[in-house]
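K.L.:
Model the structure of this input:
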Amino acid sequence: MTTLYVDNIAPNLQSKISAPNLQLPSGSVIQVVQGEYATESDTSSSSFVSTGLTATITPSSTSSKVLILVMLASSGPWENNAAGANAGYRIFDGTSSIIETGHRMNDYGSSGIFSFTNHAINYLHSPSTTLAITYRVDHKLIEGDNSRVFNSGAKGTITLMEIAG
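P.N.:
All right, here's what the predicted structure looks like:
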């Protein structure tokens, strides 16, 4: 048997290095995708409506999980002359609701000064598919006058990380 010793291997400038049989350990990050959105979205609906924030990922294996990280810039809901109101949020995969959450916002009565906050949603999803999945963030009003996200151009993000199973 002959042994080959090398100090450095460099790829051809027009090609990529690939390792088709490489098996990453469980929990390794395989790919990362991010979506951003900054157009204000208001709703007074008690049913979920899209915030406009989406991102699409195509898992490489049915055993992969998708770590979903969402940051919403919200300035509502508010309720004039009241102590506050409630908004609901969910992550939707085009077929079903992945997770639903919400928060309570406080305002300062009729002074016109409202609470502004960031709302984070984190969830590890097991989609069991290699088909493209578009995750969408929705919101609804639970109590009060209005639910608002991305006020004055504040940006929301959704980050999707494929995790090896």
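
K.L.:
ok, how many other residues are close to Tyr5?
P.N.:
Tyr5 has 4 neighbours, counted by other CB atoms under 10 Å. Backbone N, C-alpha and C define where each C-beta goes, glycine included.

K.L.:
host element of it?
P.N.:
Tyr5 belongs to no helix or strand when elements are defined using DSSP states H and E.

K.L.:
Quick check, pLDDT for it.
P.N.:
Listed pLDDT for Tyr5 reads 85.

K.L.:
quick one, strands of the protein?
P.N.:
Using DSSP state E, the strands found in the chain span residues 29-37, 41-43, 49-57, 65-74, 85-92, 97-105, 117-125, 133-143, 147-149, 156-163.

K.L.:
Reformat those strands as a markdown table; add mean neighbour count and distance to Ser15.
P.N.:
Formatted as a markdown table, those follow (neighbours: other CB atoms under 10 Å; distance: least, CB to CB, whole Å):
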| stretch | mean neighbour count | distance to Ser15 |
| --- | --- | --- |
| strand 29-37 | 15 | 20 |
| strand 41-43 | 20 | 44 |
| strand 49-57 | 19 | 26 |
| strand 65-74 | 20 | 30 |
| strand 85-92 | 20 | 38 |
| strand 97-105 | 16 | 38 |
| strand 117-125 | 14 | 34 |
| strand 133-143 | 21 | 30 |
| strand 147-149 | 27 | 44 |
| strand 156-163 | 20 | 24 |
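
K.L.:
Redo those strands as a markdown table? Include distance to Asn21 and mean pLDDT.
P.N.:
Below are the strands of the chain laid out as a markdown table (distance: least, CB to CB, whole Å; pLDDT from 0 to 100):
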| stretch | distance to Asn21 | mean pLDDT |
| --- | --- | --- |
| strand 29-37 | 15 | 96 |
| strand 41-43 | 45 | 85 |
| strand 49-57 | 23 | 95 |
| strand 65-74 | 22 | 92 |
| strand 85-92 | 34 | 85 |
| strand 97-105 | 32 | 81 |
| strand 117-125 | 27 | 89 |
| strand 133-143 | 26 | 91 |
| strand 147-149 | 44 | 81 |
| strand 156-163 | 19 | 96 |
